[in-house]
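Chemist: predicted model and sequence below, questions to follow.
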Amino acid sequence: METMVKDVVYLTTQEFKEKVFNYEVNKEWKYVGELPAIIDFYADWCGPCKMVAPILQDIAKDYAGKLIVYKVDTESEQELASVFGISSIPTLLFVPKEGQPQAAMGALPRQTFDQAINEILLKN
């Protein structure tokens with residue numbers, strides 16, 4: 001039985017290819033995850049990233065079993081960040097099960113996250 005993830009999941013580039021999207025194999029976006037996801041491209045030195053981190057922790061707990069929160073460290077996973085053209089952080093990707101991901105930049109308030117989750121990720 002699939003265990004519910006109640007915490008954010010840190011991804012390496014290899015794990016990203018396995019759990020989210022293998023950009024080396026597929027040219028067109030194809031999400032391979034079981035649940036919708038939020039992917040936070042961040043860096044440890046980034047102030048706004050630190051402001052978003054506890055919100056994402058809460059979201060991971062509040063929406064456990066409904067979506068997954070992934071984090072990608074743009075410092076250690078530079079190739080992955082460049083593939084997605086990440087130029088400012090935090091950049092957050094809202095990834096629905098079907099369809100294209102939508103990106104948002106900057107430190108979003110919790111209310112904005114909830115709205116995006118309901119409109120983009122859990123609309124079915």
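Modeler: Great, that's in hand.

Chemist: pull the CA atoms of the lengthiest helix in the chain into PDB?
Modeler: Counting by DSSP state H, the longest helix found in the chain is helix 47-62. C-alpha atoms of helix 47-62 as PDB (Å, rounded to 0.1, in the frame of the first residue of the first chain):
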ATOM      1  CA  GLY A  47      15.600  34.800   2.000                       C
ATOM      2  CA  PRO A  48      12.200  34.500   0.300                       C
ATOM      3  CA  CYS A  49      12.800  30.700   0.000                       C
ATOM      4  CA  LYS A  50      13.100  30.500   3.800                       C
ATOM      5  CA  MET A  51       9.800  32.400   4.100                       C
ATOM      6  CA  VAL A  52       8.100  29.800   1.900                       C
ATOM      7  CA  ALA A  53       9.600  26.700   3.500                       C
ATOM      8  CA  PRO A  54       7.300  26.500   6.600                       C
ATOM      9  CA  ILE A  55       4.200  27.200   4.400                       C
ATOM     10  CA  LEU A  56       5.300  24.200   2.200                       C
ATOM     11  CA  GLN A  57       5.800  22.000   5.200                       C
ATOM     12  CA  ASP A  58       2.200  22.800   6.400                       C
ATOM     13  CA  ILE A  59       0.800  22.200   2.900                       C
ATOM     14  CA  ALA A  60       2.600  18.800   2.700                       C
ATOM     15  CA  LYS A  61       0.900  17.900   6.000                       C
ATOM     16  CA  ASP A  62      -2.500  19.400   5.300                       C
END
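
Chemist: following that helix in sequence, what is the next regular element?
Modeler: strand 68-73 (DSSP states H and E).

Chemist: before we move on, the earlier item: what is the longest helix of the chain packed up against?
Modeler: Here helix 47-62 touches strand 37-42, strand 68-73, helix 110-116, going by 3 or more C-beta pairs under 8 Å, 6 or more residues apart in numbering; DSSP states H and E. Glycine gets a C-beta too; all of them are placed from N, C-alpha and C.
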